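Chemist: just a sequence and a predicted model for now, questions to come.
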Amino acid sequence: MHKPKLDHFMGKDTTTDLLPCANCGGEGLLHQQKNNEGLGCGLFIECSNPLCRMTTPLKFSLMDDVAQLLAEIWNRRTDYE
C-alpha cells in the first residue's frame, strides 16, 4: 500500500507518513491556499475522495513547520476502547 509522505515541502524536509483518511480511507493531499492580499499562503490536508473531502484546518506558517503540524493533525485517531 502506498503511503503518501510530506517530503521536502516549502524548503523543509518532512518525512511524515500520512495515514489514510479517518472518514473514508482515501489518500491525504497537501494543498496551499494563497492569501488574497499576497501575504503568504496557508496549508491544509484534504482527502482525495471527491465524495468525502475531509480536511484539516487551514494553517499559516509563523516560523513553524506547518506541514509537520498538519500531518500530526491528519494522522490523529481516537481510540474508543
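Modeler: Yep, that arrived.

Chemist: where along the protein do the helices fall?
Modeler: When assigned using DSSP state H, the helices of the chain occupy the ranges 66-75.

Chemist: just for it, where's the confidence low?
Modeler: 1-15, 38-39, 80-81 (pLDDT under 70).

Chemist: okay, now residue 26: neighbour count?
Modeler: 18 (other C-beta atoms under 10 Å). Yep, even glycine has a C-beta here, placed from its N, CA and C like the rest.

Chemist: could you pull up the contacting residues of the most centrally placed residue in the chain?
Modeler: Residue closest to the average C-alpha location in the chain (C-alpha atoms, centre = their mean): residue 45, at 2.8 Å. Taking C-beta atoms under 8 Å, 6 or more residues apart in numbering, we find residue 45 in contact with 18, 28-31, 55-56, 70-71, 73-74.

Chemist: what subset of these is buried?
Modeler: Neighbour counting by 16 or more other C-beta atoms under 10 Å classes 18, 28, 30, 55-56, 70-71, 74 among these as buried.

Chemist: list just the nearest of the residues you listed to residue 49.
Modeler: Among the buried ones among the contacts of residue 45, residue 28 lies closest to residue 49 (C-beta to C-beta), at 10.2 Å.

Chemist: tell me what the closest one is bridged to.
Modeler: With DSSP bridges as the criterion, residue 28 is bridged to residue 47.

Chemist: isn't it right next to residue 16, touching?
Modeler: No. Residue 28 lies out of contact with residue 16 (C-beta atoms under 8 Å); the separation is 10.5 Å.

Chemist: show me where the protein has strands.
Modeler: Using DSSP state E, the strands of the chain run over 28-34, 41-47, 59-60.

Chemist: got the angle for the first one vs helix 66-75?
Modeler: Calculated by axes from the mean of the first three to the mean of the last three C-alpha atoms, to 10 degrees, strand 28-34 forms an angle of 130 degrees with helix 66-75.

Chemist: residues in contact with strand 28-34?
Modeler: Applying C-beta under 8 Å, 6+ apart, the contact partners of strand 28-34 are 4, 6, 9, 18-21, 41-48, 58, 67, 70, 74.
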